[in-house]
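Engineer: Predicted structure and sequence below. I'll ask about it afterward.
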Amino acid sequence: MCGIVGYVGFDPATPILLKGLEKLEYRGYDSAGVAVYDEKDGLRIEKAKGKLRVLCEKLHDGKDVNGTIGIGHTRWATHGAPSDINSHPQVSDHGKFAVVHNGIIENYLTLKEFLLGKGITFVSETDTEVIAQLLEYYYEGNIFSALVKVLQKLEGSYALGVICTDAPNELYAVRKDSPLIVGLGKGENFIASDVPAILSKTRDIYRLKDQEIVKLTRNQVEVLNMDGARIEKEKVHIDWDVNAAEKGGYEHFMFKEIMEQPKALRDTISPRLRDGRIVLDDITLTREQVEKIRRICVVACGSAYHVGMVAKYTLEKLTRIPVEAEVASELRYRDPIIDKSTLVIVVSQSGETADTLAALREAKKRGARVLSIVNVVGSSIANESDDVIYTWAGPEIAVATTKAYSTQLAVVYMIAIYLADLLGKLSPEEYENYIQCLQKLPEQVEDALKDKESIQYFASKYFNAKDIFFIGRNLDYALSMEGSLKLKEISYIHSEAYAAGELKHGTISLIENGTLVVALATIDSLFEKIMSNVKEVKARGAYVLGVTTREHTAIQSEADYAFYVPKTCEMMQPSLAVIPLQLFAYYVAAMKGCDIDKPRNLAKSVTVE
Ligand code: F6R
């Protein structure tokens, strides 16, 4: 989704904006632009469709544009095709206001008609231009008042950066349902959609809440509510290692993040294991409250929803409470059976996904208690949940999630064991066994990663495939969904995931000579069942890659090629079996020469519906 950077200080703004935008490229975009003000040159707007490098080349990395205040933007098109004109910043009719925007203004057509009726000319197809025009229309010498008037008219979501030619030392920003942070420097201040954009400049930030308006000058940051009253904000210090948001010698962030999984798992699990017990200090759910839970509903999007599918199998098995997993964009528009006896578990890496946030709000409206599993500290989903368990995966930059997915799984296991134990459903032996498995998981993931060359070899044989099917049963089915998504999103190869027993009810007609079928067979009790499905597809000409645990060497007599992963308890097997699937997707995409970290049409943080 769109990325915003803003700067006010003493240094040339343009290089800083361009460098900041570069750090937000991971969010996904199709054009970029900057607006910079200089006393001599006035307001200069520079935009370019395509990669940021096109804009950087045009501006000689910013050397060509003077000025020490400005706003920059990478646009992920929603209203109007990617083009120079539709790129942001958008400017008001008489050039007084320049605006960058992330989000969607839902009532922009009504507002546009109103402004057209007043004789105002529009140049773009964007909803954002309406904001710039409205600002100029309502402006009577006070930018803050104009901004409040405009915000009162807007319906939808926004993070905004605004500059005005009448106040060449002031930068304004505000957000609603779209992320935006403020970076606090010395003699310079910043706004940005995410921390990496400003990390080389400052580690002190404010996280903005909805409709907090910020006025930034070189030496001051004022946060005001819509009535103009000052809000005292808590300064947050970011203590990430800068390398966490850099490639650190790897060719792609995705590969770096795959390799970081053992550490991410250790960081997520270790602080929550004390004296052989799971300690979830983060949550305040009491035993009485847990006993009253009649249903659990896991809500998320994309890969996080696939974690939800694993959670359904796992939580149901251990707690015997009925569990449903649902994609957030569906849940929010039906009439879900959710009330105060429902525990809603929300899963999100970014903590800003628009559909997930809306589903959370719907669940809360209906009286449910919300427990979220989130990676980004202080994000909207974290802020609005009753309880949050953070996945300590560190910043995830590649669009395709890997380490966040793995740490979400680990948190799901911990919640399942914790709840089952509170409900008295686990024997001491079972409990101890699960704890041991959790403790060993990071090291076993490390072990699974060692096999990468054989996966790379296999990928070299199949990177030209047209269709790839993933099949599995139970937890392996949930994992098939993730393996298939990973592959299609970064390699653009068509792929489908099927519950293995379901294939013969239609989809098996798609299997032809040589079609690659990846069969996941990590559940002991279902091994023979899945082997029958392997026979079915092989009989129709499929080439089968089997993924199983190391003792199931019998897979060799059924599948054409096998990957083995270390063995853990059934519940945690997806954490190990996902490794070859992530690596396979990565190597296939690399061999096809795809833009792995920024796949086409995709965005990292999906802050629009
Ligand atoms: C796929 C992927 C997406 C996200 C989804 C939810 O690799 O990363 O499917 O899982 O967009 O995003 P979050 O977890 O930020 O809510």
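Structural biologist: On my side now, so go ahead.

Engineer: Contact residues of the stretch 201-350 of the chain facing the ligand?
Structural biologist: Those residues of the stretch 201-350 of the chain that sit near the ligand, judged by CB under 6 Å from any ligand atom, are Cys301, Gly302, Ser303, Ala304, Ser348, Gln349, Ser350. To be clear about C-beta, it is placed using only N, CA and C from the backbone, and glycine gets the same treatment.

Engineer: now the last one, nearest residue through space, not along the chain?
Structural biologist: Taking CB to CB, 6 or more residues apart in numbering as the measure, Ser350 lies nearest to Ser605, with 4.1 Å between them; neighbours along the chain are not counted.

Engineer: Okay, now the unreliable bits of this structure?
Structural biologist: Low-confidence segments of the chain (pLDDT under 70): 242-243.

Engineer: Counting residues, what is the longest helix that it contains?
Structural biologist: The longest helix of the chain (DSSP state H) is helix 428-449.

Engineer: how far out from the middle of the chain is that helix?
Structural biologist: Its chain's average C-alpha position is 27 Å from that of helix 428-449, according to CA atoms, centre = their mean, to the nearest Å.

Engineer: which outside residues touch it?
Structural biologist: 258-259, 261-263, 265-266, 269, 273, 276-278, 406, 410, 413-414, 417, 421, 426, 565-566, 568-569, 571-572, 575-576, 579-580, 583 (CB atoms under 8 Å, 6 or more residues apart in numbering).

Engineer: In that helix, which residues are buried?
Structural biologist: For helix 428-449, the neighbour count (16 or more other CB atoms under 10 Å) marks 431, 434-435, 437-438, 441-442, 444-449 as buried.

Engineer: Around the ligand, pick out the residues from this structure.
Structural biologist: Counting by CB under 6 Å from any ligand atom, the chain sits next to the ligand at 301-304, 348-350, 353, 356, 400-401, 485, 489, 605-606.

Engineer: Tell me which of those residues fall in helices.
Structural biologist: Per DSSP H, the subset of the residues of the chain next to the ligand in helices is Gly302, Ser303, Ala304, Thr356, Leu485, Glu489.

Engineer: out of those residues, which one sits closest to Lys149?
Structural biologist: Thr356 (31.2 Å; CB to CB).

Engineer: What is the burial count for that closest one?
Structural biologist: 30 (other CB atoms under 10 Å).

Engineer: And for Gly506?
Structural biologist: 9.

Engineer: just Leu18 next, same as before
Structural biologist: 22.

Engineer: tell me the phi and psi of it?
Structural biologist: phi -70, psi -40 (degrees, to the nearest 10).

Engineer: Does Val534 belong to a helix, a strand or coil?
Structural biologist: Under the three-state scheme (DSSP: H, G, I helix; E, B strand; the rest coil), Val534 adopts helix.

Engineer: which residues in the stretch 51-200 of the chain form helices?
Structural biologist: 52-58, 108-117, 128-138, 143-153 (DSSP state H, counting those that start in this stretch).

Engineer: Most tightly packed of those?
Structural biologist: helix 128-138 (a mean of 25; mean count of other CB atoms under 10 Å).

Engineer: Just the angle for it relative to helix 108-117, thanks.
Structural biologist: Interaxial angle of helix 128-138 relative to helix 108-117 (axes from the mean of the first three to the mean of the last three CA atoms, to 10 degrees): 50 degrees.

Engineer: re earlier: same list, the helices of the stretch 51-200 of the chain, but as JSON lines with distance to Gly248 please.
Structural biologist: Putting the helices of the stretch 51-200 of the chain into JSON lines (distance: least, CB to CB, whole Å) gives the following:
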{"stretch": "helix 52-58", "distance to Gly248": "21"}
{"stretch": "helix 108-117", "distance to Gly248": "42"}
{"stretch": "helix 128-138", "distance to Gly248": "35"}
{"stretch": "helix 143-153", "distance to Gly248": "40"}
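
Engineer: out of the ones you listed, nearest to Ser31?
Structural biologist: Between those, helix 52-58 lies closest to Ser31; by CB to CB that is 8.4 Å.

Engineer: Mind giving me the packing neighbours of the closest one?
Structural biologist: helix 13-23, strand 31-38, strand 42-49 (3 or more CB pairs under 8 Å, 6 or more residues apart in numbering; DSSP states H and E).

Engineer: ranking these by burial, who's on top?
Structural biologist: strand 31-38 (a mean of 27).

Engineer: tell me the contacts of the residue in the chain positioned nearest to the ligand?
Structural biologist: The ligand sits closest to Gly302 of the chain, with a gap of 1.9 Å, by CB to the nearest ligand atom. Gly302 sits next to Thr401, Leu485 when contact means CB under 8 Å, 6+ apart.

Engineer: Go again with 10 Å.
Structural biologist: 327-328, 347-349, 353, 355-356, 400-401, 405, 481-482, 485, 489, 602, 606 (CB atoms under 10 Å, 6 or more residues apart in numbering).

Engineer: thinking again about what came up before, can you pull the buried residues of the helix or strand following the longest helix of the chain?
Structural biologist: Using DSSP states H and E, the helix or strand that follows helix 428-449 in sequence is helix 452-462. Within helix 452-462, the residues that count as buried by 16+ other CB under 10 Å are Lys452, Ile455, Gln456, Phe458, Ala459, Tyr462.

Engineer: returning to what we had before: out of the ones in helices among the residues of the chain next to the ligand, which two sit at the greatest distance?
Structural biologist: Pairwise over those, using CB to CB, the maximum falls at Thr356 and Glu489, 17.9 Å.
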